[in-house]
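**Student:** Please work out how this folds:
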Amino acid sequence: MPLNNFHALRSYLDKIILGQPTLTENLLIALIADGHLLVEGPPGLAKTRAVKALCDGVEGDFHRIQFTPDLLPADLTGTDIYRAQTGTFEFEAGPIFHNLILADEINRAPAKVQSALLEAMAEGQVTVGKHSYKLPKLFLVMATQNPLENEGTYPLPEAQLDRFLMHLNLDYPSAETELEIMRLSRNEAKTQQIERITPIPQEQVFAARKQALEIYLAEPLERYIVDIITATRQPQRFSDQLAKWLEYGVSPRATQSIERCARARAWLKQRDFVSPEDIQAVVPNVLRHRLLLSYQAQAEGVSRDEVINHILSQVAVP
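**Tutor:** Numbering: from 1, shown residues only. The predicted structure follows:
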């Protein structure tokens with residue numbers, strides 16, 4: 001059964017990635033909901049290790065791309081190479097043609113490179129010259145940003161941020177977890193071995209996506225999702241404070257993302273229906289990168305998470 005295999009994969013990820021249950025759960029939600037992740041957090045929080053571990057648990061190949069200011073679109077997508085033997089050009093695929101991609105420090109690349117990644121994420125293809133090339137059917141991007149250093153960075157435009165299914169904020173682990181990490185790292189260095197798992201075939205991933213789409217979502221909960229989205233666009237209907245904090249609301253893509261993530265979470269929880277808890281659990285990660293706060297909210301030091309919590313407190317739960 002695909003569900004049993006995914007539970008085994010979740011247990012495996014929690015063993016390999018200590019102290020980051022939010023990351024491991026949402027990696028699986030993104031995989032089942034067929035979306036991409038933007039992860040923000042200080043260095044050394046096992047972001048690369050998490051994607052590698054996910055790739056070990058899923059049939060597919062992994063590639064890490066370090067984004068830098070001198071990166072060119074061709075370094076990402078590939079380019080046409082002239083073959084002197086035949087006198088013709090042949091397309092040489094770039095690193096984007098893998099199943100799982102870690103786009104490390106994505107905001108360090110210029111706009112041209114970011115736009116090439118945007119096409120890959122949105123359309124599942126890349127265009128080089130006059131030709132477009134399809135990416136693998138199983139394609140997931142996990143992009144990272146370092147919040148501690150902004151020098152020499154290119155902030156992602158709202159259009160590209162909107163292409164990410166979720167935005168996760170990671171924080172340092174607890175002291176006890178840090179102790180476990182130290183011991184795990186020491187044991188791996190001594191034995192030169194990392195625990196392995198039998199990879200889930202890609203066909204089971206596609207089957208899980210189909211099953212998640214069949215999870216029952218009651219009409220009152222559909223309206224609940226829409227009400228949450230409406231609160232970002234017409235905040236004055238819900239709260240005067242919310243109206244002062246929000247500059248612009250989120251797009252319909254956010255509505256679709258909440259639904260897909262809530263269904264995926266319900267499927268992972270072995271339920272055949274979506275509950276209000278599923279919706280409330282995924283809303284912060286889906287809206288965090290899409291909300292545009294007003295100058296007053298920024299001046300008052302109000303965070304996006306505080307705004308999202310306020311929205312959830314104002315919208316009636318069916």
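**Student:** Please look at residue 274 and residue 268 and confirm they touch.
**Tutor:** No. Counting by CB atoms under 8 Å, residue 274 does not reach residue 268; the two are 11.8 Å apart. Glycine gets a C-beta too; all of them are placed from N, C-alpha and C.
**Student:** Please identify which of those two sits among more neighbours.
**Tutor:** residue 274 (25 against 19; other CB atoms under 10 Å).
**Student:** Kindly state the pLDDT recorded for that one?
**Tutor:** Predicted confidence (pLDDT) at residue 274: the value is 96.
**Student:** For the stretch 101-250 of the chain, which segments count as strands?
**Tutor:** All strands of the stretch 101-250 of the chain, identified by DSSP state E, counting those that start in this stretch, fall at 125-128, 131-134, 140-145, 166-169, 246-248.
**Student:** Partner strands of the fourth one and their direction?
**Tutor:** Sheet pairing of strand 166-169 (DSSP bridges) gives strand 37-40 (parallel).
**Student:** Need the residues that contact the strand it pairs with.
**Tutor:** 23, 26-27, 30, 47, 106, 140-147, 161, 164-170, 289 (CB atoms under 8 Å, 6 or more residues apart in numbering).
**Student:** the domain parsing of this protein - what is it?
**Tutor:** 2-191, 214-314 (automatic domain parsing).
**Student:** all helices for the stretch 51-200 of the chain, in order.
**Tutor:** Ranges of helices in the stretch 51-200 of the chain, per DSSP state H, counting those that start in this stretch, are 73-77, 111-123, 158-161, 175-191.
**Student:** Could you say which one of the domains of the chain comes nearest to residue 205?
**Tutor:** domain 2-191 (6.2 Å; CB to CB).
**Student:** Show me how far that closest one is from its chain's centre.
**Tutor:** Put simply, domain 2-191 sits 9 Å off its chain's centre (CA atoms, centre = their mean, to the nearest Å).
**Student:** Report the buried residues of stretch 34-52.
**Tutor:** Buried residues in stretch 34-52, counted by 16 or more other CB atoms under 10 Å: 34-41, 45-47, 49-52.
**Student:** Over to stretch 302-316?
**Tutor:** Buried residues in stretch 302-316, defined by neighbour count with 16+ other CB under 10 Å: 302, 304, 307, 308, 310, 311, 312, 314, 315.
**Student:** from these, which is closest to residue 237?
**Tutor:** Among these, and counting by CB to CB, the member closest to residue 237 is residue 314, at 9.3 Å.
**Student:** Residue 242 is in contact with the closest one, correct?
**Tutor:** Yes. Under the criterion of CB under 8 Å, residue 314 makes contact with residue 242 at 6.6 Å.
**Student:** Please enumerate the shared neighbours of those two.
**Tutor:** The contact lists of residue 314 and residue 242 share residue 231, where a contact means CB under 8 Å, 6+ apart.
**Student:** Give the buried residues for the lowest-mean-pLDDT helix or strand in the chain.
**Tutor:** In the chain, no helix or strand scores lower on mean pLDDT, DSSP states H and E than helix 158-161, which sits at a mean of 79. For helix 158-161, the neighbour count (16+ other CB under 10 Å) marks residue 160 as buried.
**Student:** Could you export it as CSV, CA atoms only?
**Tutor:** Provided in CSV are the C-alpha atoms of helix 158-161 (Å, rounded to 0.1, in the frame of the first residue of the first chain):
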residue,chain,number,x,y,z
GLU,A,158,6.0,38.2,-6.1
ALA,A,159,5.2,36.3,-9.3
GLN,A,160,8.0,33.8,-8.5
LEU,A,161,7.2,33.5,-4.8
